[in-house]
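Visitor: build the 3D model from these lines:
(2 chains)
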Amino acid sequence: MSKPKVGFNWLASCGGCEEAVIDLEEDILDVVEAIDIVFWPCAMDFKKDDVRAMKDGEMAVCFVNGAIRTSEEEEMAHLMRQKSQLLVAFGSCSHMGGIPGLGNFYSSESILKNSFIESPSTINEEGVIPQTETKVKEGILTLPKFLDTARCLDQVVDVDYYLPGCAPPVNLITGAIQAILENKLPPKGTVLAPDIALCSECERQSTKPDVLEITEFKRPFEIKIDPEKCLLAQGLMCLGPVTRSGCGAACIKANMPCTGCLGPTSRVKDFGAKAISGFASLMDSQDEDEIDKLLDSIVDPEGTFYRYSLPKSYLHAICNTVRNGNGKKGA
Amino acid sequence: MSNGQETPKDFEPKIVAFFCNWCTYTASDLTGISRLLYAPNVRVIRVMCSGRVDPQFILAALREGADGVLIGGCHPGDCHYQEGNYKALRRFKLLKRYLTRMGIEDDRVRLEWIAASEGDKVQKVVNDMTEKVRKLGPLKLAPITSPEDFEEEANKELAAAGVEGA
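Guide: Predicted coordinates for the structure are as follows:
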């Protein structure tokens, strides 16, 4: 029997997900034994044309990480979908939009302007902004189009499974690969991680008070963090209660609050809104002015609650009414 | 309006209202019984408590086509469940910070305390909100282009290039 063909691809991402594959360490040898990697731009020398030359559905599975922000990424997402039987959104960016998704707080014009003209380290006297087509003596040079918003994978193509996390924890990756090889996959559309909140596997759960009453939100650098006690009880913005478990509470073990990279459990449609709901409930105040003051202690609420999930949220990006004007924060 | 689109002349705002069973919903019944006329733009959804209104409901309403969302609860201290309305207030205030950041105008999402006896306040609030949202025009959220849209566009391109049967 020939080995199942597997592809990896990265779109708008940082490369951390590729690292996560390497983090399988010796286990990767067993994986490579069982499968045939036919596309992996980060690690192997296959080109887009090699994928184009494949038959439809020739790859058994393709793991795609990264959000979709350019026309090229969109094209690649469609190509991977066409050529593989199973498409797995790998990591927070392809699952929910991830860090590149935070760009949806700004208009695409303001992002280009900031990156290529305004940023302090940029010297661009002519104010050149990337164009999709540039005429030069020798002909026309092309670049992919920078799309209006960043999208997650299932907003562009049909996705079979999701491997959440920034980057996905090794145990979830091996679990997923095993499930695929043994053909023991759950129903289509499943997020391949436990469907319960992180608090359930957190070592500090026993120190979580029955009733949490937060009077001021703190940031990790502002306090000396007790390494034993529930971080919420210390006033830290730990997103564990709204986040899916599966990572073994790695950040909390390192004495840092959960930032929510595994996304919500299956009942939640909008991660940030649920986090807003949860944290507003934990606040201990019934007085309007006091609530305002308490909310002031949440620095960057939108970035905190939607750190990995803005594209996947109901609003997806800033409104069109402000898109054309300033997309700048605090303006 | 920005985005190069004019507000259509016959624009009628759609407002989704979440009214609590014990105060505001009862008040809206009183409005009707008292034969007080108010704008028909509001679609009332009865919830047991304003504290039941998950911020997801508000965002879902906006995504599904509402131009505004109104939440009605009992006055502070009057909540049938003791403190559900305070919970609603805190959620509303936190959600508002996010909505402002996303460019959703202040008048589009509103929280009002309306007691069961205040039928006239329902009339006043609904009429006032309808007029304010009418002035703002339709809510224009950023579109999430779906796979179908992409195919449609690709087909259009193919059609433009003269390919048959696209």
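
Visitor: for the residue of chain B found nearest chain A, give me its contacts.
Guide: Closest residue of chain B to chain A, Cβ to the nearest Cβ: B:Gly103 (3.3 Å). Any C-beta I mention is one placed from the backbone N, CA and C, and that applies to glycine too. Under the criterion of Cβ atoms under 8 Å, 6 or more residues apart in numbering or on different chains, the contact partners of B:Gly103 comprise A:Ile318, A:Cys319, A:Thr321, A:Val322, A:Arg323.

Visitor: mind saving the C-alpha coords of the strand or helix carrying the third one as PDB?
Guide: According to DSSP states H and E, A:Thr321 maps onto helix A:320-323. Taking Å, rounded to 0.1, in the frame of the first residue of the first chain, the C-alpha atoms of helix A:320-323 are listed here in PDB:
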ATOM      1  CA  ASN A 320     -17.000  50.300   6.500                       C
ATOM      2  CA  THR A 321     -18.100  53.700   7.800                       C
ATOM      3  CA  VAL A 322     -14.800  54.200   9.500                       C
ATOM      4  CA  ARG A 323     -12.700  52.100   7.100                       C
END
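
Visitor: please report the distance of the residue of chain B closest to chain A from A:Ala317.
Guide: Using Cβ to Cβ, to the nearest Å, one obtains 9 Å as the distance from B:Gly103 to A:Ala317.

Visitor: now A:Leu239
Guide: A:Leu239 sits at a distance of 21 Å from A:Ala317 (criterion: Cβ to Cβ).

Visitor: check B:Arg90 too.
Guide: In this structure, B:Arg90 lies at 26 Å from A:Ala317, with Cβ to Cβ as the measure.

Visitor: which SS class is the residue nearest the centre of chain B?
Guide: When chain B is reduced to its mean C-alpha position, the nearest residue by Cα atoms, centre = their mean turns out to be B:Val69, at 2.1 Å. Local secondary structure at B:Val69 is given as strand here, using DSSP: H, G, I helix; E, B strand; the rest coil.

Visitor: do I have it right that it meets B:Ala17?
Guide: Yes - assessed by Cβ atoms under 8 Å, B:Val69 is found in contact with B:Ala17 at 7.4 Å.

Visitor: how about the closest residue to chain B within chain A: what's its closest non-neighbour residue?
Guide: Distances from chain A to chain B, computed as Cβ to the nearest Cβ, single out A:Val322 as the nearest residue at 3.3 Å. Nearest in space to A:Val322, with sequence neighbours left out and distances taken as Cβ to Cβ, 6 or more residues apart in numbering or on different chains, is B:Gly103 at 3.3 Å.

Visitor: tell me where chain B has helices.
Guide: Along chain B, the stretches classed as helices by DSSP state H are B:24-33, B:55-63, B:84-101, B:119-136, B:147-160.

Visitor: next one: the stretch 51-200 of chain A
Guide: Residue ranges of the helices in the stretch 51-200 of chain A, as given by DSSP state H, counting those that start in this stretch, are A:71-83, A:92-96, A:108-113, A:170-181.

Visitor: Throw the ones you listed into CSV and include distance to chain B, thanks.
Guide: Rendered in CSV, the data for the helices of the stretch 51-200 of chain A read as follows (distance: least, Cβ to the nearest Cβ, whole Å):
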stretch, distance to chain B
helix A:71-83, 7
helix A:92-96, 13
helix A:108-113, 11
helix A:170-181, 23
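
Visitor: winner for burial among the ones you listed?
Guide: Among those, helix A:92-96 has the highest mean neighbour count (mean count of other Cβ atoms under 10 Å in any protein chain shown), at a mean of 32.

Visitor: what about B:Arg90 and A:Ala317, which has more around it?
Guide: Just comparing B:Arg90 and A:Ala317: by other Cβ atoms under 10 Å in any protein chain shown the higher neighbour count belongs to A:Ala317, 28 against 25.

Visitor: can you give me the distance of the more buried one to A:Glu222?
Guide: When distance is defined by Cβ to Cβ, A:Ala317 is 31 Å away from A:Glu222.

Visitor: next one: B:Gly73
Guide: Using Cβ to Cβ, we find B:Gly73 at a distance of 34 Å from A:Glu222.

Visitor: who's more crowded, these two?
Guide: The neighbour comparison of B:Gly73 against A:Glu222 (other Cβ under 10 Å) goes to B:Gly73, with 32 against 12.

Visitor: so what's that one closest to, chain neighbours aside?
Guide: Excluding its sequence neighbours, the residue lying closest to B:Gly73 (Cβ to Cβ, 6+ apart) is B:Ser50, at 2.9 Å.

Visitor: and the one you found, what is it in contact with?
Guide: When contacts are counted by Cβ under 8 Å, 6+ apart, B:Ser50 is found next to B:Phe18, B:Cys20, B:Thr24, B:Ile71, B:Gly72, B:Gly73, B:Cys74, B:Cys79, B:Gly84, B:Asn85, B:Ala88, B:Leu111.

Visitor: alright, calling it a day.
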